[in-house]
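Asks: Fold the following and give me the result.
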Amino acid sequence: MTTQLPAHQGYQTTIADTMADTMAGAVADAEAEVAAMRLQRFPHELPTVYYDVAPSPDVPEIGMFFLVPGNPGLPQFYGPFLLRLRDLLPGWRLVCVSQAGGCASSTGPPEARRPVIGLDAQVVHKVAVLTRLLGAHGYLDTDRKVVLAGHSIGAWMVQQMVVALAAAGNRVPVSQAVLLFPTVRDIAQSPSGVRLTRLLGVAPWLPQAVATLAGGLRALPATPARWLVAAVMGGPPPHALEAAYDLAATPAAVAQTLGMAAEEMALVAAESPAVRNGFWPAWAERSPAGAARAVVAAERTGAQIAVFFAPSDHWVADRTRAEIMSDHGVHDHVYFAVVEGSSHAFCVKESELMAEQVAAVVV
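Replies: The predicted structure is shown next:
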């Protein structure tokens, strides 16, 4: 039963209607705030855009949360996630950098077609961007905290970054790693990986063919083109629709996305010795602060490595998830969570849920 409020000025309203209007207004406000976020071009030889959300001026800056997105690698998908983290993590600078080449048409002049920027080059790119941003914001050789977070293939890149930074002497004060729905091993054995591998096996020309079709989407009027993208995505929220439309209408970005996906199927297989020995073991051996965090890892807050899975993930096979948790769950400094209500593409509709999960482990 719906409870009615007293009539006022010739009309009646209800509690349910009021709540619905309030929620709709809050969603609209949030989407407007996302739309107002400043997406910047990063000065790098490879096409790069990024968000750099500074903490409130009245709060001392205590750390940087550096997010590496999944493929296709557009920061625009992560706007609501970053804004919710801003509320939950006062004092933290929030950065999300695109995959190199993951620049859609709305961020500037369309990029010319280029060879696919592969996984190894992407890792080098992320280390360079991170180091330059840390230098610009006064983080190098300090005790300020740096959290490296990665979504999907971005989680694999974060693992490689930790290993590479340690090998280089590590002036970067990495305090934690957060892996969101990580595709860090045997991606080709996941349900979607199996399908994509088979498809590429019979149609290796597919990435370039789809990129060519994307040029046709650019020729359509914007409104019907957006309707088409929305229909394919099943009615996404505005921020995700705009990001997907920008991607789909940019042939160079489409070719980069699919070309890198093909490389992921081939290269992201067994866990490398470098990751097994250089990422998962306690960083306490290299950082006294890490030893203190490891003590409270069982309570999740302070875990040096936090890993979040979905109950069912079409890019992470159930067996792969079980193997990762079995292999590395023995470490006290590693926290694993299977989050009910989450999915691999959390940044489309589950940003608030995952922001709350992540904020609970960041210290």
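
Asks: With the flanking residues excluded, which residue is spatially nearest to Thr320?
Replies: Computed as Cβ to Cβ, 6 or more residues apart in numbering, the closest residue to Thr320 that is not its neighbour in sequence is Asp186, at 4.9 Å. Just so you know, the C-beta spots here come from the backbone N, C-alpha and C atoms, and that holds for glycine as well.

Asks: check contacts around the residue nearest the centre of the chain.
Replies: Ranked by distance to the mean C-alpha position of the chain (Cα atoms, centre = their mean), the top residue is Pro69 at 3.3 Å. Shown in contact with Pro69 (Cβ atoms under 8 Å, 6 or more residues apart in numbering): Pro75, Phe77, Tyr78, Cys96, Val97, Ser98, Gln99, Gly102, His151, Ser152, Gly154, Cys347.

Asks: Let's see that with 6 Å instead.
Replies: His151, Gly154 (Cβ atoms under 6 Å, 6 or more residues apart in numbering).

Asks: what's it sitting at in phi/psi?
Replies: Pro69 adopts backbone torsions of phi -80, psi 170, taken as degrees, to the nearest 10.

Asks: Just the pLDDT at it, thanks.
Replies: The model reports Pro69 with a pLDDT of 97.

Asks: can you check Tyr335 too?
Replies: At Tyr335, the model reports a pLDDT of 94.

Asks: Next: Val27.
Replies: In this model, Val27 carries a pLDDT of 46.

Asks: same question, Pro109
Replies: Taking Pro109 on its own, its pLDDT is 48.

Asks: what's the answer for Ala30, then?
Replies: 53.

Asks: ok, now Leu217?
Replies: 77.

Asks: Pro224 is in contact with that one, correct?
Replies: No: Leu217 is not in contact with Pro224 according to Cβ atoms under 6 Å; the separation is 9.8 Å.

Asks: Just want to know which of those two has more residues nearby.
Replies: More neighbours surround Leu217 than the other of Leu217 and Pro224, with 18 against 10 (other Cβ atoms under 10 Å).

Asks: For the chain, which residues score under the pLDDT cut-off?
Replies: The chain contains residues with pLDDT under 70 at 1-36, 104-113, 170, 283-302.

Asks: Can you show me the helices along it?
Replies: Using DSSP state H, the helices of the chain run over 15-35, 79-88, 119-136, 153-167, 191-202, 206-219, 222-233, 238-248, 251-267, 273-278, 288-295, 318-328, 346-349, 351-359.

Asks: Pull out the buried residues from the fifth one.
Replies: Taking 16 or more other Cβ atoms under 10 Å as the neighbour-count basis, helix 191-202 is seen to contain the buried residues Ser192, Gly193, Leu196, Thr197, Leu200.

Asks: circling back: pipe the helices of the chain into a markdown table and attach distance to Thr142 per row.
Replies: Listed next are the helices of the chain as a markdown table, based on distance: least, Cβ to Cβ, whole Å:
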| stretch | distance to Thr142 |
| --- | --- |
| helix 15-35 | 31 |
| helix 79-88 | 22 |
| helix 119-136 | 9 |
| helix 153-167 | 15 |
| helix 191-202 | 40 |
| helix 206-219 | 42 |
| helix 222-233 | 42 |
| helix 238-248 | 34 |
| helix 251-267 | 34 |
| helix 273-278 | 23 |
| helix 288-295 | 13 |
| helix 318-328 | 29 |
| helix 346-349 | 30 |
| helix 351-359 | 23 |
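
Asks: Quick check: buried residues in stretch 177-189?
Replies: Under the neighbour-count criterion of 16+ other Cβ under 10 Å, stretch 177-189 has Ala177, Val178, Leu179, Leu180, Phe181, Pro182, Thr183, Val184, Arg185, Asp186, Ile187, Ala188 buried.

Asks: Endpoint to endpoint, it covers what distance?
Replies: End-to-end span of stretch 177-189 (Cα to Cα, to the nearest Å): 25 Å.

Asks: before we move on, what about stretch 342-357?
Replies: Start-to-end, stretch 342-357 (Cα to Cα) is 11 Å.

Asks: Rebuild the buried residues of stretch 177-189 as TSV, extending it with distance to Gly135.
Replies: Putting the buried residues of stretch 177-189 into TSV (distance: Cβ to Cβ, whole Å) gives the following:
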residue	distance to Gly135
Ala177	21
Val178	23
Leu179	25
Leu180	26
Phe181	30
Pro182	28
Thr183	30
Val184	28
Arg185	33
Asp186	36
Ile187	33
Ala188	38
